[in-house]
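Colleague: what follows is a protein structure lacking sequence information:
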């Protein structure tokens, strides 16, 4: 057991400079949490002599590690926006940032507004949504067509 702790200490020292470069403590904690999960998962599935981080760290950067580790994948932005079209969500106008926040709260999907903008534009061109400029902030808002 102490062998694993020493290995973990060494690994944490190696990454501490990178983690500490983030100003947000919440971001630092999230990074460490994902790395520890990756180490634990790697040690369960790989032989003792294989270096952890090799496979799992890449997936952690993509933000998909947790889902793949449990054998399921979160739905993408297109699927979620099409699901929202089936509900009454777009009966009122929403900005891209409001849509992204809603997806994060209700679908546990943290989309960037840039990920949603192209899909929303496509839905507007297909006449499923209307794209209108807000008088308040001169930004686009989306509502059912």
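Modeller: The structure has been received and is ready for your questions. Everything quoted here is computed from the prediction, not taken from an experiment.
Colleague: only C-alpha atoms from now on, for both contacts and neighbour counts.
Modeller: Will do.
Colleague: so where do the helices sit in this protein?
Modeller: 2-20, 25-45, 56-62, 65-69, 77-86, 96-107, 113-125 (DSSP state H).
Colleague: compile these into JSON lines and extend it with columns for mean neighbour count.
Modeller: Converted to JSON lines, those look like this (neighbours: other Cα atoms under 10 Å):
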{"stretch": "helix 2-20", "mean neighbour count": "11"}
{"stretch": "helix 25-45", "mean neighbour count": "15"}
{"stretch": "helix 56-62", "mean neighbour count": "14"}
{"stretch": "helix 65-69", "mean neighbour count": "15"}
{"stretch": "helix 77-86", "mean neighbour count": "15"}
{"stretch": "helix 96-107", "mean neighbour count": "16"}
{"stretch": "helix 113-125", "mean neighbour count": "15"}
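Colleague: next, format these as a markdown table and append distance to residue 138 and mean pLDDT.
Modeller: A markdown table is the format used below for those (distance: least, Cα to Cα, whole Å; pLDDT from 0 to 100):
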| stretch | distance to residue 138 | mean pLDDT |
| --- | --- | --- |
| helix 2-20 | 38 | 77 |
| helix 25-45 | 32 | 75 |
| helix 56-62 | 33 | 48 |
| helix 65-69 | 37 | 49 |
| helix 77-86 | 23 | 91 |
| helix 96-107 | 13 | 92 |
| helix 113-125 | 16 | 92 |
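Colleague: tell me how this structure divides into domains.
Modeller: Domain ranges of the chain: 2-69, 77-144, per automatic domain parsing.
Colleague: wait, what's in contact with the residue positioned nearest the centre of the chain?
Modeller: Central residue of the chain (Cα atoms, centre = their mean): residue 110, 4.2 Å from the mean position. Taking Cα atoms under 8 Å, 6 or more residues apart in numbering as the contact definition, residue 110 lies against 100-101, 103-104.
Colleague: list phi and psi for it.
Modeller: phi -90, psi 80 (degrees, to the nearest 10).
Colleague: can you tell me how far it sits from residue 116?
Modeller: Separation of residue 110 from residue 116 (Cα to Cα, to the nearest Å) stands at 11 Å.
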